[in-house]
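[1] okay, predicted coordinates and the sequence, questions at the end:
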Amino acid sequence: MAEGRKQAKMAAAEAVIHLVEDGMTLGLGTGSTASLAIEALGRRIEKEKLRVTGVPTSFASERLARACGIPLGTLDTNGDIDLAFDGADECDSGLNLIKGRGAAHTREKIVAFGASRFVILIDASKRVDRLGSHMPLPVEVVPMAVSPVMACLRALGAHPELRMGVKKDGPVVTDQGFWVIDAQFDAGISDPAIVDRTLLDTPGVLDHGLFLDMATDVLVGLDSGDVEHLRR
Ligand code: 5RP
């Protein structure tokens with residue numbers, strides 16, 4: 001990763017940890033930027049003896065949080081999330097997102113949904129005029145439903161592809177044991193709300209990576225190390 005971009009991600013990650021207060025329950029996102037924030041949280045807990053509980057959104061964030069000394073809970077034990085933080089693959093001017101490059105979007109959405117505050121951490125390269133301009137939309141599916149869900153995505157104007165493993169033969173298998181289809185839209189997604197509804201109404205779709213009207217704050221890390229704070 002280029003040095004400027006790494007610094008930008010680090011700036012956003014450090015900024016969200018300044019929003020954390022003693023006693024909070026935190027949703028812990030997944031991905032390289034969320035990981036930087038988890039590490040920064042671990043450092044703050046050690047230094048200030050902060051008492052917080054983290055609810056992880058993936059096996060990856062759970063393992064990292066444990067290694068950083070962050071006490072963990074679940075939505076059963078800690079259902080009221082004060083603040084969830086996470087990265088994103090794209091963010092439009094209305095703070096709508098595409099997530100799921102790390103195939104963690106289903107758990108990320110579950111944890112973020114109930115959070116009082118959902119703070120997104122990005123660098124400026126993630127800002128787009130139209131969602132789907134650069135990144136495909138990830139759709140998590142029950143394996144037997146891959147063909148009908150791909151047909152549905154083609155009808156929506158997308159080019160769907162089953163995501164394949166790296167260092168593993170065959171499809172990527174999510175933390176839930178499902179598969180992921182990446183759907184590329186040639187000119188971006190013209191009506192995200194329709195794509196959202198259509199996919200959720202399609203049997204075999206567990207969830208997809210459109211996060212509409214969910215983010216309350218977006219912290220945009222800049223190469224200079226400054227942070228731009230966008231609010232809903
Ligand atoms: C994982 C995600 C990530 O949050 C998203 O892909 C951003 O990752 P990164 O911070 O590494 O760019 O949605 O499913």
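    It's in.
[2] put the alpha carbons of the helix or strand bottoming out on mean pLDDT in the chain into CSV.
    Averaged element by element with mean pLDDT, DSSP states H and E, the chain has its least confident helix or strand at helix 3-18 (a mean of 94). The C-alpha trace of helix 3-18 is given here as CSV (Å, rounded to 0.1, in the frame of the first residue of the first chain):
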residue,chain,number,x,y,z
GLU,A,3,2.7,5.4,2.1
GLY,A,4,0.2,8.4,1.7
ARG,A,5,-2.8,6.0,1.6
LYS,A,6,-1.6,4.1,4.6
GLN,A,7,-1.2,7.4,6.5
ALA,A,8,-4.7,8.5,5.4
LYS,A,9,-6.2,5.2,6.7
MET,A,10,-4.3,5.5,10.0
ALA,A,11,-5.5,9.1,10.4
ALA,A,12,-9.2,8.0,10.1
ALA,A,13,-8.6,5.0,12.4
GLU,A,14,-7.0,7.2,15.1
ALA,A,15,-9.8,9.8,14.8
VAL,A,16,-12.6,7.3,15.5
ILE,A,17,-10.8,6.1,18.6
HIS,A,18,-10.9,9.6,20.0
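[3] tell me the helices and strands packed up against whichever helix or strand comes after that helix.
    Following the chain from helix 3-18 toward its C-terminal end, the next helix or strand by DSSP states H and E is strand 25-28. The elements that strand 25-28 packs onto, with contact taken as 3 or more Cβ pairs under 8 Å, 6 or more residues apart in numbering; DSSP states H and E, are helix 32-48, strand 53-56, helix 59-67, strand 83-86, helix 105-113. (C-beta placed from N, C-alpha, C; glycine too.)
[4] circling back to that earlier point, which elements pack onto the least confident helix or strand of the chain?
    For helix 3-18, the helices and strands in contact under the criterion 3+ Cβ pairs under 8 Å, 6+ apart are helix 32-48, strand 117-123, strand 217-221, strand 227-231.
[5] just name the most buried of the ones you listed.
    Each of the helices and strands packed on helix 3-18 was scored by mean neighbour count; the highest is strand 117-123, a mean of 25, by mean count of other Cβ atoms under 10 Å.
[6] centre of the chain to it, how far?
    9 Å (Cα atoms, centre = their mean, to the nearest Å).
[7] number of nearby residues for the closest residue to T174 other than its chain neighbours?
    Across the structure, with Cβ to Cβ, 6 or more residues apart in numbering as the measure, the residue nearest T174 apart from its sequence neighbours is A103 (5.1 Å). The local packing of A103 (other Cβ atoms under 10 Å) involves 23 other residues.
[8] secondary structure of A103: a helix, I assume?
    No: checked against DSSP: H, G, I helix; E, B strand; the rest coil, A103 lies outside a helix; its state is coil.
[9] what sits against G69?
    With contacts defined as Cβ atoms under 8 Å, 6 or more residues apart in numbering, the neighbours of G69 are G42, I45, E46.
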